[in-house]
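[1] take a look and give me a structure for this.
(chains A and B)
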Amino acid sequence: MSDSASISTTLDLAALFPQTVTAETRAGFIGWVAQTNALPEVARRLRDELGYDYLTSVTAVDDFPEDRIEMVYHFSRTVGGATLELKVFTSRADSVVPSLTPLYPGAEFQEREAWDLMGVRFTHHPDLRRILTWEGFAGHPLRKDWKEPYFEEEAKPFKSRWPNGQIVRAETKNPFGDNVQYPAGFDPEACITENDEALYASMRRFGAAQSEEDGLATDKMIVNLGPQHPSTHGVFRMVALLDGETVTDLRPVFGYLHRNHEKIGERNTYLQNIPFTDRLDYISSMSNNFGYVLTVEKLMKVTPPERAEYIRVIMAELTRIASHLVSIGFLLNDLGAFFTPVLYALEERELILDIFEAVSGSRMMCNYYRFGGVVRDIPEDQLKKIGDLVNERLPRKIDELDRYLTRNDIVQVRTQGVGIITAEQAIANSAAGPVLRASGVPYDLRRADPYSVYDRFEFDVVSYNHGDVYDRYMVRLDEIRQSIRILQQAVKTLPGGAILAGKPAYQVKVPAGEAYGRVEGPKGELGFYIVSNGKPNPWRYHVRAPSFINLTSLVDMCRGGKVADAIVVLGSIDIVLGEVDR
Amino acid sequence: MGLNGLNILRGLVVTFRHFVETYTEDIRARRAGEKRYNTQEGIASRTDKDVRGIFTIQYPEEKMPVPEEFRYIPFLVYDEGEDGKKALRCTSCGICPKVCPPQCIWIVRGSDPVTGRPVPQPTEFYIDVDICMNCGLCAEYCPFDAIKMDHEYEIATANRAKSDIYDLAKLSKSASYYASIRPVNFAREEAQREAERLAKAARKAA
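    Next up is the predicted model:
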């Protein structure tokens, strides 16, 4: 595992920017601190001169009761290597930071999220609206002095549960209807349409400007796809401005499934967060566990034993296969091949889930990884099952799926040249995973910034060059094959020994400091940013959700295409709303 | 690109083979004298790596066997003494309500009616199963093997307000039931307890 601290200090930002950047001095903290107004200039030079072309993560930390909010940026190079961490400080009372969206379009949604949840305003942001909560939401929930409707205590475990735990349901103390707050002067009945009208009006203005360019006044129509629509893979809405059948502009609207995972995470103890990460991208819970425990282990400075590392890789790769199978299957659904391909894909996924159930106890909410290892060993019969699956069945079945779909004329016509995004756009939009690799950027964290024991396995990073829906499909198909390769090696060379470093402990000691840990999840780079203040609960817990950030590219992909293609494009990004909305 | 449809036909061959196999597999199984439906071995053959033809399990007529580690809603284990008295293993130590991520476990610790001092027994124990997320952390960190995850997953009710808070009576299940759903874990824990008892006896003798 690479040590991000040692690599990021090899680039001495303080020497490069003597006036504006200083090194982080707090114990346990890493990276650099820039002066707030110098941020765009520092970021521009990082991008243009120093090769940090990829803005990985943008988030904010509230230093309550101190009057300070930290904006935390993680930059990467698409050629590989560790992240570079840069912070700027602003006050809680008047939080204003220059936007990085003009330099890195991938910051757009993340800055909107920081505004929504933390109340940081970004100057020169093109569209600073709430993104996960709705317009009638009072306050900025991730601020430490904000309290949720069923608030009980600052941190779990709650004192009311034991030793005198007379059960009371929160809903009886604070019934529905009394548990909501609105901003002053807000009428929830009237305002919903008003806000939507504002969105439609802004899109119409954009459409009108375009029409004038053509010199031909044509009527443009606004169509809402979703939020309740089978093609949107969950509760997700695309507002499309149509010129006939052509999409001229499109805005994704989401947050319908928002539950403030990060606030829950800051109330939880470190261990209690593991089952909650299962519920992010619920198709690939093992990968989510992996990213989270890896980050906490970085803070705790614990290394899991060999066998645990191998088991983790086995589970993560099985998850990748299952997730890509679902993605491919439902993409075909979006293309109109109603349910035959997806059911063939789900058969294989079921066999993988059977293994998860026998090993971890649950098919989807696995809760299998622990700090320093995993919960329990893989039983001998399940190991044999995995071996049979990856050595016999899966290669055969993937070949069958390939024969069945890849050369199909309809699939080719509907997906080739559709939803194109160039490599430059994909990098600028901070796209990750198959979306990035289909555009010709072979950036895979398992190789670019290796973690766990991935450096011991032979596999190829898949990348294709057209950046269209077809290539994203091809990347996923080939990645399944590469995962099978890794699994074949891992099952064969699985070492014996312990599966957990130290003794099982329900209260872990996490020293004060910060860590950003990341894994290559099936959807892309899944990152966790955790700030600890030495207490049993994380002070800040942030998830860099790949499908959320990948949606930044949706507009670029859809513009100029047909309505029916917009649905296919969305399917090819492979979003899971549990992770998008968090 | 030539849209001659040949590759569509090639794809259809795959679908057609899947279709035909649903029949041929049934015929093959009948000839071999195997019962492919509504039997445990039939279900096992349809979840095997070599499965062809029909893959689905017709729930609720057929049910997938749940593996030992499968976890759903916790229960409290009690040992039965010789006189048939139920002795809960729980000592109301408070680890499970502390470790519970959604905080759905509520315990009233017992106290001696005379002295008022705590006694190692719960007087009340509640689990709000609407809130329980079946993560299994309570069972994992219980030092007394007193709380375990159940296999009973059909718990849907029409009135959640009345039925979904499980109390001590509803949560208590016998150790023999526990042994029946988790034989491997039960045997391992019993062996460990026996070893500890022997070690203790050896220490006393020495």
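[2] what residues are up against the closest residue to B:Lys63 other than its chain neighbours?
    Closest residue to B:Lys63 apart from its sequence neighbours, by C-beta to C-beta, 6 or more residues apart in numbering or on different chains: B:Ile57 at 7.4 Å. C-beta coordinates here come from the backbone N, C-alpha and C atoms, glycine included. Contacts for B:Ile57 were tallied using C-beta atoms under 8 Å, 6 or more residues apart in numbering or on different chains; they are B:43, B:46-47, B:63-64.
[3] likewise for B:Asp26?
    Counting by C-beta under 8 Å, 6+ apart, B:Asp26 has contacts B:36, B:53-54.
[4] recalculate using a threshold of 7 Å.
    B:36, B:53 (C-beta atoms under 7 Å, 6 or more residues apart in numbering or on different chains).
[5] using the three-state scheme, assign it.
    Following DSSP: H, G, I helix; E, B strand; the rest coil, B:Asp26 is assigned to helix.
[6] ok, it to B:Gln40 distance?
    Applying C-beta to C-beta, to the nearest Å, the value for B:Asp26 to B:Gln40 is 18 Å.
[7] repeat for A:Leu325
    The value you get for A:Leu325 to B:Gln40, if C-beta to C-beta is used, is 27 Å.
[8] which one of these two is surrounded by more residues?
    Remark: of A:Leu325 and B:Gln40, A:Leu325 carries more neighbours, 28 against 11, as counted by other C-beta atoms under 10 Å in any protein chain shown.
[9] picking up where we left off before, need the contacts of B:Ile57 in TSV with secondary structure, pLDDT and distance to A:Thr406, can you?
    Shown next, in TSV, are the contacts of B:Ile57 (DSSP: H, G, I helix; E, B strand; the rest coil; pLDDT from 0 to 100; distance: C-beta to C-beta, whole Å):
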residue	secondary structure	pLDDT	distance to A:Thr406
B:Ile43	helix	89	33
B:Arg46	helix	88	28
B:Thr47	coil	86	28
B:Lys63	coil	90	37
B:Met64	coil	89	32
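[10] what's the PyMOL syntax to select whichever of those residues are buried?
    Of the contacts of B:Ile57, the buried ones can be selected in PyMOL as follows, counting by 16 or more other C-beta atoms under 10 Å in any protein chain shown:
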select buried, chain B and resi 43+46
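[11] name the nearest of the contacts of B:Ile57 relative to chain A.
    The shortest approach to chain A among these belongs to B:Thr47, at 6.0 Å (C-beta to the nearest C-beta).
[12] so how many other residues sit close to residue 25?
    Since you didn't name a chain, this refers to chain A. For A:Thr25, the neighbour count with other C-beta under 10 Å is 7.
[13] looking at chain B here, not the other one
    For B:Glu25, the count of nearby residues is 18 (other C-beta under 10 Å).
[14] excluding its backbone neighbours, what's nearest it?
    With C-beta to C-beta, 6+ apart, the residue lying closest to B:Glu25 is B:Gly53, at 3.0 Å.
[15] likewise A:Leu271?
    Among residues not flanking A:Leu271 along the chain, A:Tyr506 sits closest, at 5.7 Å (C-beta to C-beta, 6+ apart).
[16] give the helix, strand or coil label for the residue nearest to B:Glu25.
    Using three-state DSSP, the structure places B:Gly53 in coil.
[17] chain B contacts on the stretch 201-350 of chain A?
    Taking C-beta under 7 Å from any C-beta of the partner chain as the contact definition, the stretch 201-350 of chain A meets chain B at A:268, A:271-272, A:275-276, A:340, A:347.
[18] which residues in the stretch 351-500 of chain A form helices?
    For the stretch 351-500 of chain A, the helices defined by DSSP state H, counting those that start in this stretch cover A:380-388, A:394-405, A:409-415, A:423-428, A:434-437, A:445-448, A:469-493.
[19] can you dump the C-alpha coordinates of the fourth one into PDB?
    This file holds the C-alpha atoms of helix A:423-428, laid out as PDB (Å, rounded to 0.1, in the frame of the first residue of the first chain):
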ATOM      1  CA  ALA A 423     -11.100  11.600 -22.800                       C
ATOM      2  CA  GLU A 424     -10.600  15.300 -22.100                       C
ATOM      3  CA  GLN A 425     -14.200  15.700 -21.100                       C
ATOM      4  CA  ALA A 426     -14.200  12.600 -19.000                       C
ATOM      5  CA  ILE A 427     -11.100  13.700 -17.100                       C
ATOM      6  CA  ALA A 428     -12.400  17.200 -16.600                       C
END
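[20] show residues contacting it.
    In contact with helix A:423-428 (C-beta under 7 Å, 6+ apart) are residues A:53-54, A:78, A:104-106, A:435-436, A:439-441, A:467, A:553, A:556.
[21] from the residues you listed, pick the one nearest chain B.
    For those, the nearest to chain B is A:Gly467 (18.4 Å; C-beta to the nearest C-beta).
[22] check contacts around the residue nearest to B:Arg89 when sequence neighbours are not counted.
    Residue nearest to B:Arg89 in three dimensions, not counting chain neighbours: B:Ala146, with 3.6 Å by C-beta to C-beta, 6+ apart. By C-beta under 7 Å, 6+ apart, B:Ala146 lies in contact with B:76-77, B:88-90.
[23] on that earlier part again, could you dump the helices of the stretch 351-500 of chain A into a markdown table and include mean pLDDT and mean neighbour count?
    Listed next are those as a markdown table, based on pLDDT from 0 to 100; neighbours: other C-beta atoms under 10 Å in any protein chain shown:
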| stretch | mean pLDDT | mean neighbour count |
| --- | --- | --- |
| helix A:380-388 | 92 | 16 |
| helix A:394-405 | 91 | 18 |
| helix A:409-415 | 89 | 19 |
| helix A:423-428 | 93 | 20 |
| helix A:434-437 | 93 | 30 |
| helix A:445-448 | 91 | 20 |
| helix A:469-493 | 94 | 22 |
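[24] let's have those helices in CSV, adding distance to A:Ser285.
    Compiled in CSV, the helices of the stretch 351-500 of chain A are given as follows (distance: least, C-beta to C-beta, whole Å):
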stretch, distance to A:Ser285
helix A:380-388, 17
helix A:394-405, 20
helix A:409-415, 29
helix A:423-428, 27
helix A:434-437, 19
helix A:445-448, 19
helix A:469-493, 16
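[25] so which residues make contact with whichever strand or helix holds B:Glu140?
    Using DSSP states H and E, the element containing B:Glu140 is helix B:137-141. Identification of contacts with helix B:137-141 by C-beta under 7 Å, 6+ apart yields A:271, A:375, A:504, A:506, B:74, B:95-96, B:99-101, B:105, B:147-149.
[26] show me what the helix or strand following it is packed against.
    The helix or strand immediately downstream of helix B:137-141 is strand B:147-150, counting by DSSP H and E. The elements that strand B:147-150 packs onto, with contact taken as 3 or more C-beta pairs under 7 Å, 6 or more residues apart in numbering or on different chains; DSSP states H and E, are strand B:72-80, helix B:137-141.
[27] ok, strand B:147-150: who's next to it in the sheet?
    strand B:72-80 (antiparallel) (DSSP bridges).
[28] mind listing the helices for chain B?
    B:6-31, B:40-46, B:95-99, B:137-141, B:160-163, B:168-171, B:175-181, B:183-205 (DSSP state H).
[29] now do the contacts for the closest residue to A:Gly513 other than its chain neighbours.
    Spatial nearest neighbour of A:Gly513, chain neighbours left out: A:Gly28 (2.3 Å); criterion: C-beta to C-beta, 6+ apart. Applying C-beta under 7 Å, 6+ apart to A:Gly28 gives the contacts A:511-514.
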